[in-house]
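Have a look; sequence and predicted model below, questions after that.
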Amino acid sequence: MDERELEKLTISQLSREISSGAQSPVALTRLVLARIERLNPVLNAYAMVMKDQAFAAAEQAHREIAAGQYRGPLHGIPISIKDNIAVAGVRTTAGSKTLSDWKPDHDATVVSRLREAGAVILGKTHMHEWAKSSHTNNVFYGPSRNPWDVTRATGGSSGGSAAAVAASLGLASIGTDSAGSVRNPAALCGIAGLKATHGRVSLSGGVPGTGPGSINHFGVLAKTVEDCALVLNCIAGADPRDPYCAEVPMPDYTRGLSGGADGLRVGLVRGYFDALMFDEVRQVFDEAVRFLGSLGVETEEVEIPHMELLPAVQVCIARVEDMPDHDRYLRTRPRDYSPGMLRNLIGSLLISGSAVNTAHRVRRLIYEGFERAFERVRVMVVPTISFPAPTIEELDRGSARIDGREVRLSDRRGNLFTLCTIPFNQTGLPALSVCCGFSASGLPIGMQIVGRPFDEETVLRVGHAYERAAGWYKKTPDLPAGR
């Protein structure tokens, strides 16, 4: 196998070859590591590459499989981890200067479960400082670059993870998502990104201060929906180390993928999302909805009251819940924060308790609106992000050229990168982003499929049916030569 073949292969395909002995985990890991060495200087997807540990894990997988001890579809598969998730003995910075030398003494639960499944951990992926923004233009470690156009942003804060998967610098990655940080970069980099229901995947081992517990999620970035299901099978499930983790039955997420979408009723949320989409995204999204209709789904318009209040709710809850974890650093090492981050954290101290209480009440009202809508529909489809990836230069100046005009990337409504994704952090509903087309300049555009609580099965089934029929997942970026 060469690099061109690797670009087209998925976990589901490679796992069959590995289990049969047709492909060696050692050869696969060597190929991926060589590709990282060549392309990471261009893309800046990885913060830390665990070369020796990865080879050791690949060699162990090879021996076990040869001895008939095959553990399952992730055995021998190279996977990366976002740099705010603990990997024992490996530098974990959370994209910050504060933790630039920190090495945790434990694995996060998701990492332990990946190791138990025989996955090969490649390294830690770049992210925004403290996971506090929707891009990965990190002031301390530089920007991650989009494989579809290296002058453009990856989104974030799991931008390094998305770039790594899109560029085949690993077959999947584990990211975090408290405002869209899995789905946003997945959309901008043209891959699948899954945020399961809040409580489905353990948060134990996440770096404190990089995600408010009541709205944070660990999620999966992969080339396809099927690969997301394979990884979710491994990492999901109850965990006594995480008080948010739910004791609910866990199915085999791959079993129902082939069921198709025929006859399902799909909700189109009118109002809030319509006002956010720019023309090019609207055209692609509307065409994706029409395509879903050709697969046999029935669509129904639904309305969710009070959605316009979500950006304010997000700010109140996210900033106040995260503040206690930053208190000691703000008191002892304030200059280790970038100026913008420091300003935002200090500003969070001004949010009153009554504002937070009101935010939680509004959050509950919005959730009840979704509950009522789900009495009539099985899933909902909405855009993931309302515009294609801006350039890194546009990120720096805070505005981008969209639909032929200059648009500020943050306005009175909030951060334009996250306005389509925060509804499902505040409600905790499962949401999957899949590529639903490309802009005129060849940039990926994403669509979210959102389901009822703990109904990831249906979300994945609809996403898989659309993805296979539409075929966008077959497109790969034309990457630079590297060094």
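It's in. Numbering: from 1, shown residues only.

Show me where this structure dips below the pLDDT cut-off.
Scanning the chain for pLDDT under 70 picks out the ranges 482-483.

Might you report the residue contacts of the residue nearest the centre of the chain?
The chain has V182 as the residue nearest its centroid, 1.5 Å off, counting by C-alpha atoms, centre = their mean. For V182, the contacting residues are S158, S161, G175, T176, G193, L194, K195, H217, G219, V220, L221, S433, by C-beta atoms under 8 Å, 6 or more residues apart in numbering. Every C-beta, even on glycine, is put in place using the N, C-alpha and C of the backbone.

What is the neighbour count of the fifth one?
Think G193. Neighbours of G193 under the rule other C-beta atoms under 10 Å: 37.

Surely it is in a strand?
Yes - the assignment for G193, made by DSSP: H, G, I helix; E, B strand; the rest coil, places it in a strand.

tell me which element the closest residue to it other than its chain neighbours is part of?
In space, not counting the residues next to it along the chain, G193 is nearest to A186; the distance is 2.6 Å by C-beta to C-beta, 6 or more residues apart in numbering. Applying DSSP states H and E as the criterion places A186 in helix 183-188.

Relative to the whole chain's centre, how far out is that helix?
7 Å (C-alpha atoms, centre = their mean, to the nearest Å).

Give me the residues contacting it.
With C-beta under 8 Å, 6+ apart, helix 183-188 has contacts from 134, 136, 146, 152-159, 161-163, 175, 177, 192-193, 195, 219, 221, 384-385, 388-389, 417-418, 421, 431-433, 435, 443-446, 448.

my guess is P423 meets I366, correct?
Yes - using C-beta atoms under 8 Å, P423 and I366 qualify as a contacting pair, with a distance of 7.2 Å.

shared neighbours of the two, anything?
With C-beta under 8 Å, 6+ apart, P423 and I366 have common neighbours I304, M307, L310.

Beyond the strand or helix carrying the last one, next helix or strand please.
Remark: L310 resides in helix 310-332, with elements defined by DSSP H and E. Sequence-wise, the next helix or strand downstream of helix 310-332 (DSSP H and E) is helix 339-348.

Pull the CA coordinates from that next one and hand them back as CSV.
Extracted as CSV, the C-alpha positions of helix 339-348 are listed here (Å, rounded to 0.1, in the frame of the first residue of the first chain):
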residue,chain,number,x,y,z
PRO,A,339,-4.3,39.0,25.7
GLY,A,340,-7.6,38.1,24.2
MET,A,341,-8.0,35.0,26.3
LEU,A,342,-7.1,36.9,29.5
ARG,A,343,-9.6,39.6,28.7
ASN,A,344,-12.4,37.1,28.1
LEU,A,345,-11.7,35.2,31.3
ILE,A,346,-11.6,38.3,33.5
GLY,A,347,-14.8,39.5,31.8
SER,A,348,-16.4,36.2,32.9
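
which helices and strands does that helix pack with?
In terms of contacts (3 or more C-beta pairs under 8 Å, 6 or more residues apart in numbering; DSSP states H and E), helix 339-348 is packed against helix 310-332.

what comes into contact with the helix it packs on?
Contact partners of helix 310-332, identified using C-beta under 8 Å, 6+ apart, comprise 98, 130, 178-179, 208-215, 272, 336-337, 342, 344-349, 351, 355-356, 358-360, 362-363, 366, 413-415, 418-419, 422-423, 425-426.

rerun at 6 Å
98, 208-209, 212, 345, 348, 351, 355-356, 359, 362-363, 413-414, 422-423, 426 (C-beta atoms under 6 Å, 6 or more residues apart in numbering).

For that helix, buried residues please.
310-311, 313-323, 325-326, 329-330 (16 or more other C-beta atoms under 10 Å).

Okay, angle between that helix and helix 339-348 too, please.
Interaxial angle, helix 310-332 versus helix 339-348 (axes from the mean of the first three to the mean of the last three C-alpha atoms, to 10 degrees): 100 degrees.

just how off-centre is helix 310-332 within its chain?
The mean C-alpha position of helix 310-332 is separated from the chain mean by 21 Å, C-alpha atoms, centre = their mean.

before we move on, what about stretch 319-336?
For stretch 319-336, the distance to the chain centre is 25 Å (C-alpha atoms, centre = their mean).

Just the ones in strands from the contacts of helix 183-188, please.
Mapping these onto strands (DSSP state E) picks out 175, 177, 192-193, 195, 219, 221, 431-433, 435, 444-446, 448.

Tell me the one of the residues you listed nearest L268?
Closest approach to L268 among those (C-beta to C-beta): Q448, at 12.0 Å.

Quick check: bridge partners of the closest one?
Beta-bridge partners recorded for Q448 (DSSP bridges): V382, S433.

Since that was my last question, I'll sign off now.
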